[in-house]
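Trainee: Return a 3D structure for these sequence lines:
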Amino acid sequence: MLQILTPDGELLADPPMDIDLTKRLFLAMVAARQYDRKATSIQKQGRLATYAPFEGQEAAQIGSAAALRPDDWMVPTYRDAAAMWMQGYPWTHLLLTRMGDERGGSPPEGVAVLPPSITVGAHMLHAVGLAWAARLQGSDRIAITYFGDGATSEGDFHEAMNFAGVFRTGTVFICQNNQYAISLARHQQTASETIAEKAAGYGVPGVLVDGNDLFAMYQATSEAVVRARDGRGATLIEALTYRLGPHTTSDDPTRYRDAAEVETWRAKDPLDRIRKYLAAESAWDEEWEARAATGAHDEIDRAVEEAEALTPLAPEEIFESMFAEMTPELAEQQQRLLASRRDQA
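Mentor: Sure thing, here's the model as predicted:
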């Protein structure tokens with residue numbers, strides 16, 4: 001397993017980034033955790049639909065996303081808000097997706113991030129298609145896709161990996177192995193010793209990485225991105241990590257895992273190890289982090305206010321979002337709906 005920084009904040013090899021970038025990415029993880037906790041809180045108040053927390057997986061997402069160019073494609077899941085935000089997806093849009101507002105799935109111009117996929121595993125095929133399309137267009141853009149260990153039990157994973165291997169697409173597959181597919185432990189869903197070794201069957205490299213190690217995730221992803229951009233094909237990265245919270249806010253994890261296991265992983269917290277490393281380098285103090293956390297909290301509060309202040313979409317607007325120009329059939333359906341609403345009034 002690739003590990004550069006231990007849970008105690010000690011280096012096992014030279015870090016792949018300087019102190020300034022380390023500090024910037026640490027603050028990005030701090031902001032991501034602020035968002036995660038805020039989203040969890042307001043969901044419990046009934047202001048969001050079911051929410052999937054990612055606390056404990058910040059290094060896997062921030063470290064990998066930091067290796068991308070702004071124009072590289074990202075194809076995420078419902079648990080990848082940190083990676084999406086790192087690639088330019090605004091907090092407001094992320095909140096709107098959880099409010100059931102379709103405007104959340106329409107990122108700003110220039111943000112090459114697809115809306116979060118709810119269907120487990122199916123989105124990996126989109127990432128392969130985007131990378132293949134870029135190759136056909138003569139572009140060196142690559143596509144990165146995130147998924148959990150449970151998604152590797154889906155047929156879509158096989159199809160995506162097989163196509164990527166055969167056609168050497170510029171796709172980086174990031175499996176965030178957080179140990180559970182909802183309540184099913186990883187060892188119950190595959191006999192393979194690791195998920196990374198599954199890559200060999202598709203003719204692509206597989207790399208097992210400490211997913212709570214920001215340095216290891218950045219280095220492994222950077223190497224995979226270079227390989228993809230150079231036309232040498234895909235890479236499967238297994239980020240060994242852990243979700244400290246529930247699968248979603250409707251889940252009770254105490255029914256299938258014990259407190260001792262959670263505390264063992266809490267000692268490997270990705271923020272703690274970078275904090276210890278920066279402190280040892282005289283590049284961290286409590287006041288600096290507190291100011292950054294407060295700033296992130298205020299920014300996220302503003303995003304919540306902005307999302308909740310939007311005027312709800314009218315029912316007839318659904319017809320206007322299907323095509324650039326409405327077809328005659330859709331226009332007729334829209335008029336029937338408007339007439340029905342007038343009659344009811």
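Trainee: I'd like the distance between Pro107 and Arg266.
Mentor: Remark: distance between Pro107 and Arg266 (C-beta to C-beta, to the nearest Å) = 33 Å. Backbone N, C-alpha and C define where each C-beta goes, glycine included.
Trainee: does Leu208 sit in a helix or strand, and which one?
Mentor: strand 206-210 (DSSP states H and E).
Trainee: For the closest residue to Gly148 other than its chain neighbours, list the residues it contacts.
Mentor: Sequence neighbours aside, Gln176 is the residue nearest to Gly148 in space, at 5.7 Å (criterion: C-beta to C-beta, 6 or more residues apart in numbering). Residues in contact with Gln176, defined by C-beta atoms under 8 Å, 6 or more residues apart in numbering, are 57, 60-61, 79, 146-149, 211, 239, 241.
Trainee: now, which of those sits nearest Gln87?
Mentor: Taking C-beta to C-beta as the measure, Gln87 lies nearest Gln61 of those, at 9.9 Å.
Trainee: Could you tell me how many residues sit around the closest one?
Mentor: By the measure other C-beta atoms under 10 Å, the count of residues near Gln61 is 31.
Trainee: Tell me if I am right that it is in a strand.
Mentor: No: counting by DSSP: H, G, I helix; E, B strand; the rest coil, Gln61 is not found in a strand; it is helix.
Trainee: Please name the residues that touch it.
Mentor: Counting by C-beta under 8 Å, 6+ apart, Gln61 makes contact with 32, 54, 80, 82-83, 86, 146, 176.
Trainee: Just the buried ones out of those, please.
Mentor: Buried members of these, counted by 16 or more other C-beta atoms under 10 Å: 32, 54, 80, 82-83, 86, 146, 176.
Trainee: Between those residues, which sits nearest Lys276?
Mentor: Ranked by distance to Lys276 (C-beta to C-beta), the buried ones among the contacts of Gln61 are led by Ala32 at 18.7 Å.
Trainee: Quick check: which element contains the closest one?
Mentor: Under the criterion of DSSP H and E, Ala32 resides in helix 19-44.
Trainee: buried ones in that helix?
Mentor: Buried residues in helix 19-44 (16+ other C-beta under 10 Å): 22-23, 25-36, 38-40, 42-43.
Trainee: Same question for stretch 171-184.
Mentor: 171-181.
Trainee: hmm, back to that, among the contacts of Gln176, which ones are in helices?
Mentor: Residues from the contacts of Gln176 lying in helices, with DSSP state H as the criterion: 60-61.
Trainee: Identify the farthest-apart pair in the contacts of Gln176.
Mentor: Greatest spatial distance in the contacts of Gln176: Gln61 and Asp149, 15.2 Å, computed using C-beta to C-beta.
Trainee: In the stretch 201-345 of the chain, mark out all the strands, start to finish.
Mentor: With DSSP state E, counting those that start in this stretch as the criterion, the stretch 201-345 of the chain has strands at 206-210, 235-240.
Trainee: deepest of those, which one?
Mentor: Most buried of the strands of the stretch 201-345 of the chain by mean neighbour count (mean count of other C-beta atoms under 10 Å) is strand 235-240; its value is a mean of 27.
Trainee: Centre of the chain to that one, how far?
Mentor: Strand 235-240 sits 14 Å away from the centroid of its parent chain (C-alpha atoms, centre = their mean, to the nearest Å).
Trainee: partners of it, with directions?
Mentor: strand 171-177 (parallel), strand 206-210 (parallel) (DSSP bridges).
Trainee: and Gly155, which of these is closest to it?
Mentor: Ranking the strands paired with strand 235-240 by their distance to Gly155 (criterion: C-beta to C-beta) puts strand 171-177 first, at 15.2 Å.
Trainee: what distance separates the closest one from the centre of its chain?
Mentor: Counting by C-alpha atoms, centre = their mean, strand 171-177 comes out at 10 Å from the chain centroid.
Trainee: about what we covered before: any chance of CSV for the strands of the stretch 201-345 of the chain, columns distance to His123?
Mentor: Output for the strands of the stretch 201-345 of the chain, formatted as CSV (distance: least, C-beta to C-beta, whole Å):
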stretch, distance to His123
strand 206-210, 20
strand 235-240, 15
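Trainee: The strand holding Leu208 - what's its average pLDDT?
Mentor: For strand 206-210, mean pLDDT rounds to 98.
Trainee: what is the rounded mean pLDDT of stretch 130-139?
Mentor: The pLDDT scores in stretch 130-139 average 97.
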